[in-house]
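# Next come a sequence and a model predicted from it.
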Amino acid sequence: MLDGLFSYLRPSFKELEVNTALTTQTHLDFLWYKGNEVIRRRFKDPSLQLSDIAAELSVSKRYLSQAFRQRGTTVHKQLMGFRLKRASVMLSEEHCRHFSVEEIAKRNGFKQISHFSRLFKEEFGITPSEKRNKSIFY
């Protein structure tokens, strides 16, 4: 019976642990964390910008920028990095093989494939097509 009760309460304990960890951080740390949550949830929106994230979190753009600068990055760099990493994974995955490079770019929030390709090459040193061709599919 105690095992069942513990199993039932485990998610609540886990949430309490996360909330306790967040409360011991500074507000800027918390804001950085929440900003990244918004990025992970809304990265597919090509029009997503600093002002949208700040508005969703009910803080000024300047204050949100400060939270990211404290971590050595910007909101824009964090957003682009997240999009590029997801696109890189999609280019490598067999189940995404049927998507064109342009479709993968659009599914990760890029409006123009040329912009996506340029940023991808800057980040990874190879083009999206080269990344796809390097991946071995059986």
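Received the coordinates, thanks. This is a predicted model, so every value here is computed, not measured.
# remind me which residues of the protein are low pLDDT?
Applying pLDDT under 70 to the predicted model, the residue ranges of the chain that meet it are 1-24, 136-138.
# And the helices in it, which stretches?
With DSSP state H applied, the chain shows helices at 2-23, 27-42, 50-57, 61-69, 75-92, 101-107, 113-124, 128-134, listed in chain order.
# next one: stretch 96-103 to chain centre, how far?
With CA atoms, centre = their mean, to the nearest Å as the basis, the distance from the averaged C-alpha position of stretch 96-103 to the chain average is 20 Å.
# Quick check: buried residues in it?
Neighbour counts over stretch 96-103 (16 or more other CB atoms under 10 Å) mark C96, F99, V101 as buried. For the C-beta atoms, the positions are set from N, CA and C on the backbone; glycine is no exception.
# ok, now stretch 54-65?
Of the residues in stretch 54-65, those scored as buried under the neighbour-count criterion (16+ other CB under 10 Å) are A54, E56, L57, V59, L64, S65.
# CA atoms only for that stretch, dumped as PDB, please.
Once side chains and other backbone atoms are set aside, the C-alpha atoms of stretch 54-65 remain, and they are given as PDB (Å, rounded to 0.1, in the frame of the first residue of the first chain):
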ATOM      1  CA  ALA A  54       9.000  39.700 -22.900                       C
ATOM      2  CA  ALA A  55       5.200  40.400 -23.200                       C
ATOM      3  CA  GLU A  56       4.300  36.800 -22.500                       C
ATOM      4  CA  LEU A  57       6.500  36.900 -19.300                       C
ATOM      5  CA  SER A  58       5.200  40.400 -18.400                       C
ATOM      6  CA  VAL A  59       8.600  42.000 -18.200                       C
ATOM      7  CA  SER A  60      10.400  44.600 -20.200                       C
ATOM      8  CA  LYS A  61      12.500  43.700 -23.200                       C
ATOM      9  CA  ARG A  62      15.500  45.300 -21.400                       C
ATOM     10  CA  TYR A  63      15.100  43.200 -18.300                       C
ATOM     11  CA  LEU A  64      14.600  40.000 -20.300                       C
ATOM     12  CA  SER A  65      17.700  40.900 -22.300                       C
END
